[in-house]
Each structure stands twice: as structure tokens, then as C-alpha cells.
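In: quick one, fold the following:
(chains A, B, C and D)
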Protein chains: 2
Amino acid sequence: MADDVFKALADPTRRTILDELSERNGQTLFEICARLTTRHGLGLSRQAISQHLAVLEAAGLVRTRREGRYKFHDLNTEPLEQIATRWLRRDPPPEAP
Amino acid sequence: MADDVFKALADPTRRTILDELSERNGQTLFEICARLTTRHGLGLSRQAISQHLAVLEAAGLVRTRREGRYKFHDLNTEPLEQIATRWLRRDPPPEAP
DNA sequence: ACGATAAGCAAGTCGGCACTTGCATGTCTA
DNA sequence: TAGACATGCAAGTGCCGACTTGCTTATCGT
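Out: From the prediction side, this is the model:
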């Protein structure tokens, strides 16, 4: 469960995809490919991005909805809220006195 | 920077080590080996744990202090507080009303 | 000083992951 | 319906990471 999330976040390309979806939700595969190339300088094949999206979806970090021949990808931050607080049991340090 | 943290968290054994250090801070390598074996059922060699600790230390998640022939390992949650909020722009939910 | 204890170093093996290549499926437009 | 467009599936390749094995270094107790 959490294992999938951590492994999904291990790849820098996938994290960039999450950044991109965080900025503009509901993009298609081709949109993500284009924006990764132009804005982030990544030269990856379409299938590579597709596989990354599959990993992100399997981890629950991305939700997909199909409309005709388009498949839109939405960011889902729910799994993130749980894994981060795993070792942060104590409240964030308020301020130094 | 953040890349090291995410890659360090990708391995389940390293996450278990963080769990162990979170519960009892300042353990030596042998202590961690023993507790991983007895409490978590992991049968790993001492060198394997040592290499994992090196990765965690390189990521800044573990600080070490040397005293004689002992080397104590302390958990450092500082890198964690930054990476989690990367896609969580909104503040952490305070409490449900 | 000697042996025991705690840790470090280096090379080698093995499996998994990222990426590519090629082809197949489904869907809209003209 | 034909062709272009958006996506899916599957097999193959190459590299990095996890783990082991063997040896070495350093510190403590007796």
C-alpha cells in the first residue's frame, strides 16, 4: 500500500509529472508529454510517460477519467497526507525560544 | 537533494530502520541489526544494514555521532517536513469540526 | 600486548526498473 | 468508411540498486 506510493515517488520523472498535474489538473497523455518536453526539458517517449502514469495510478496518486478517445489525469494527494506524517509523530517544532 | 530523500525512502528496509530509530533513538549498528531481526523478522546481514544506514545518512535522514568504538544513529526528520508538502500546498488539516 | 568487539572497505552477483521498439485497439472527423 | 488521432499491450535491452562474501581497521577489556 504505502510501498507503492514510496516507490512511485522514487523516480524524478514521476515527481515532475505530479508537479505538472499539480499546476494544471486533468491533462491527457499527449499534453503531459508536450509539457514535459517544452517546460522541463525531458525528452521521453510517449510510452515511457504512459508507463509512469500507470505506476502513479497504481499508487493512487493519479485518478483517470475517460472521455471518448481522451483520458484525463487528475492528481490525488490523499495518499501523500498519510505517508509524510509517519515519522513526524510530534507536532512541527513551533519556534525556538 | 530531495532526490536522495525520495530514493532513500523507496526501500522498505530503510523505512523500517526509520521506524526503529523513531521509536528508540541513538542505536548502534548492532542494535539495529538485532532489533530488525527479532522485532521485524528481517534476516539481513550486518553489512546490508550498514549500507542502508549510509544511504539514510547521505539523505540527511540519519545523523551519526561517534563515541569510542560505538557509532550512534539518530533520526533527523528535517528533510521529511519539506518533501511531503511539495504537492500539499494547503495547510495540514487542523481538526474536523 | 592479546583477543574480542564494533565498524569500514571493496568487489562481485542478481533481480528489478526505466526505457525503447513494434504492433494492436479504439475513436473522432471528413 | 477510410484515415488520422489518442491510447494500450508486449517483448526486449541496459543499467542501477540491494545483498553477499571476504578482508581490514579501530577501540575496549583483561
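In: how about the residues of chain A by DNA strand D?
Out: Counting by C-beta under 7 Å from any atom of the strand, the residues of chain A close to DNA strand D are A:28-30, A:46-47, A:50, A:64, A:69-71. C-beta: built from backbone N, CA, C; applies to glycine.
In: in ChimeraX, how would I select just the buried ones from these?
Out: In ChimeraX syntax, the buried subset of these is picked out as below (16 or more other C-beta atoms under 10 Å in any protein chain shown):
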select /A:29
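In: okay, now A:M1: neighbour count?
Out: By other C-beta atoms under 10 Å in any protein chain shown, 9 other residues sit near A:M1.
In: what is the least confident helix or strand in chain A?
Out: Using mean pLDDT, DSSP states H and E, the weakest-scoring helix or strand in chain A turns out to be helix A:78-83, at a mean of 89.
In: what's it packed up against?
Out: Contacts defined by 3 or more C-beta pairs under 8 Å, 6 or more residues apart in numbering or on different chains; DSSP states H and E place helix A:78-83 against helix A:2-9.
In: can you give me the pLDDT of the residue nearest the centre of chain A?
Out: The centre of chain A sits closest to A:L18, judged by C-alpha atoms, centre = their mean, with a distance of 3.0 Å. Here, the pLDDT recorded for A:L18 equals 98.
In: can you give me the pLDDT of the residue in chain A that DNA strand C sits nearest to?
Out: Closest approach between chain A and DNA strand C, counting by C-beta to the nearest atom of the strand: A:G68, at 2.1 Å. Per-residue pLDDT puts A:G68 at 94.
In: just give the number of residues close to it.
Out: 5.
In: show me the shaky parts of chain A.
Out: A:89-97 (pLDDT under 70).
In: any part of stretch A:49-62 near chain B?
Out: No - no part of stretch A:49-62 sits near chain B under the criterion C-beta under 8 Å from any C-beta of the partner chain; the closest distance found is 8.6 Å.
In: so, in contact with DNA strand C or not, that stretch?
Out: Yes - using C-beta under 7 Å from any atom of the strand, stretch A:49-62 reaches DNA strand C at A:51-52, A:55.
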